[in-house]
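**Q** 3D model of this:
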Amino acid sequence: MKKIFIDGAAGTTGLKLRERLNKRADIEILLIDDLLRKDTAERKRLINASDVTFLCLPDEAAREAVTLCENPDTVIIDASTAHRCASGWAYGFPELSPKHREDIKKSKRIAVPGCYASGFTALVLPLLFHRIIMPFYPMSCFAVSGYSGAGNKGIEQYEDEFRPDEFDSPRMYSLGKRHKHIPEMMQKTGLSFAPLFMPMVDDYFAGMLVTVPLHTRLMAKKISVESIRDNFRETYADQTFVKVMPEDYLTDGYLAANTLEGTNMMEIHIFGDRDLVQLTARLDNLGKGASGAAVQCMNIALGISESMGLL
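**A** Numbering: from 1, shown residues only. The predicted structure is shown next:
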């Protein structure tokens with residue numbers, strides 16, 4: 001039985017991780033006393049006693065936690081932004097390529113992708129791999145997420161009965177600033193320039209849509225929408241958690257953001273005509289965008305079924 005420690009178990013991702021792992025008989029969760037959650041010595045003891053430690057912490061705290069690990073056999077899986085672009089860390093998105101999966105399998109240091117970055121990278125990397133666009137393509141990305149992505153403070157604000165009326169509508173944020181996922185989005189795809197990224201938070205708990213629009217006149221080669229879909233099917237062939245959806249999947253013409261809540265699934269939808277193409281990834285920001293991806297990485301690192309506890 002493997003021993004698991006969640007450093008930061010009181011946060012949104014930590015709570016979801018605990019919820020997922022509590023159902024499993026093959027692991028033992030090492031618990032920390034509530035009064036000692038910020039005690040460095042006790043955290044260090046539990047990190048080094050674990051086979052796998054999940055970091056569900058702010059970036060600086062996550063960096064500090066890594067320095068506490070002295071056990072060479074402990075696998076650290078970091079759900080923060082801190083190590084997603086760091087050298088020596090495997091990027092925890094196994095569906096991107098066989099190399100990504102192999103790196104996760106071999107590494108003792110794994111960075112879980114950001115929720116927005118997961119959808120963006122899943123859409124853009126195949127475009128570059130199949131040379132449908134070039135790295136200097138002027139990329140835009142529109143995205144909407146449930147309010148759970150704002151963490152415990154954001155959840156409290158949205159669920160306050162006396163909240164302002166503006167919380168009833170979609171709200172754009174990171175206006176005029178570089179969102180913290182952009183360095184990751186660029187590094188993991190190989191884009192030459194930062195995308196114009198426009199995220200929104202809306203009045204529902206979990207789930208997200210990440211959309212990349214394309215102008216066919218700016219593509220590196222002329223290609224039909226169905227051919228683009230075929231290239232994506234090739235990229236994600238035989239994957240359990242990433243599915244390229246058929247053109248006629250939607251029967252009512254609407255694509256809701258919250259239908260994959262509670263799952264580790266990601267759907268890729270491709271629409272368009274000869275002039276414009278729209279690619280959209282649908283996922284749970286707390287699932288494939290956080291805790292689900294973390295558990296999937298743990299399964300791969302431990303050499304057990306990738307889908308254990310996720311289906």
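
**Q** Might you report the residue contacts of Pro231?
**A** For residue 231 the amino acid is Asn, not Pro. 126, 130, 132 (CB atoms under 8 Å, 6 or more residues apart in numbering). The C-beta positions use only the backbone N, C-alpha and C, and glycine is treated the same way.

**Q** Please report how far the last one lies from Asp230.
**A** When CB to CB, to the nearest Å is applied, the distance between Ile132 and Asp230 equals 11 Å.

**Q** quick one: which of these two has more around it?
**A** Ile132 (22 against 15; other CB atoms under 10 Å).

**Q** Could you pull up phi and psi at that one?
**A** Torsion angles at Ile132 (phi, psi; degrees, to the nearest 10) stand at phi -80, psi -40.

**Q** where exactly do the strands run in the stretch 51-200 of the chain?
**A** 52-55, 75-78, 90-91, 109-111, 140-146, 171-172, 196-202 (DSSP state E, counting those that start in this stretch).

**Q** For the last one, name the packing helices and strands.
**A** Spelled out, it's strand 196-202. Secondary-structure packing of strand 196-202 (3 or more CB pairs under 8 Å, 6 or more residues apart in numbering; DSSP states H and E): strand 140-146, strand 171-172.

**Q** looking at those, which is buried most?
**A** A comparison of those by mean neighbour count, using mean count of other CB atoms under 10 Å, puts strand 140-146 on top with a mean of 21.

**Q** Show me what the mean pLDDT comes to for it.
**A** Summarised as a single mean, pLDDT over strand 140-146 is 98.

**Q** try stretch 69-77
**A** If you average the pLDDT over stretch 69-77, you get 98.

**Q** And for stretch 224-242?
**A** For stretch 224-242, mean pLDDT rounds to 96.

**Q** just stretch 10-18 next, same as before
**A** So the average pLDDT for stretch 10-18 ends up being 95.

**Q** can you pull the buried residues of that stretch?
**A** 11-18 (16 or more other CB atoms under 10 Å).

**Q** what do you get for stretch 33-44?
**A** Under 16+ other CB under 10 Å, the buried positions of stretch 33-44 are 43-44.

**Q** So which residues make contact with it?
**A** 7, 9-10, 32, 65, 68.

**Q** Excluding chain neighbours, give the residue nearest to Tyr147 in space.
**A** Among residues not flanking Tyr147 along the chain, Tyr158 sits closest, at 4.2 Å (CB to CB, 6 or more residues apart in numbering).

**Q** Look through this structure and tell me its longest helix.
**A** In the chain, with assignment by DSSP state H, the single longest helix is helix 115-129.

**Q** who does that one touch, helix- and strand-wise?
**A** The contact analysis (3+ CB pairs under 8 Å, 6+ apart) places helix 115-129 against strand 140-146, helix 182-189, strand 208-215, helix 225-235, strand 266-272, strand 276-283.

**Q** Check which helices and strands the second one sits against.
**A** If you count contacts as 3+ CB pairs under 8 Å, 6+ apart, helix 182-189 packs onto helix 115-129.

**Q** now the last one
**A** With contacts defined as 3+ CB pairs under 8 Å, 6+ apart, the packing partners of strand 276-283 are helix 115-129, strand 208-215, helix 225-235, strand 266-272.

**Q** Can you give me the neighbour number for the closest residue to Gly146 other than its chain neighbours?
**A** Leaving out its chain neighbours, the residue that sits closest to Gly146 by CB to CB, 6+ apart is Ala206, at 4.3 Å. Burial measure for Ala206: 24 neighbouring residues, criterion other CB under 10 Å.

**Q** domains of the chain?
**A** Domains of the chain are assigned by automatic domain parsing as 2-113+290-302, 115-285.

**Q** JSON lines for those, including distance to Gly309?
**A** JSON lines is the format used below for these (distance: least, CB to CB, whole Å):
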{"stretch": "domain 2-113+290-302", "distance to Gly309": "5"}
{"stretch": "domain 115-285", "distance to Gly309": "9"}
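
**Q** So for Leu311, which of those domains sits nearest?
**A** Evaluated with CB to CB, the domains of the chain place domain 115-285 nearest to Leu311, the distance being 7.7 Å.

**Q** so how far is the closest one off the chain centroid?
**A** Domain 115-285 has its average C-alpha position 11 Å from the chain's average C-alpha position, going by CA atoms, centre = their mean, to the nearest Å.

**Q** how long is it end to end?
**A** Terminal residues of domain 115-285 lie 5 Å apart, using CA to CA, to the nearest Å.

**Q** so of the helices and strands packed on strand 276-283, which one's packed in deepest?
**A** Stretch with highest mean neighbour count among the helices and strands packed on strand 276-283: helix 115-129 (a mean of 25; mean count of other CB under 10 Å).
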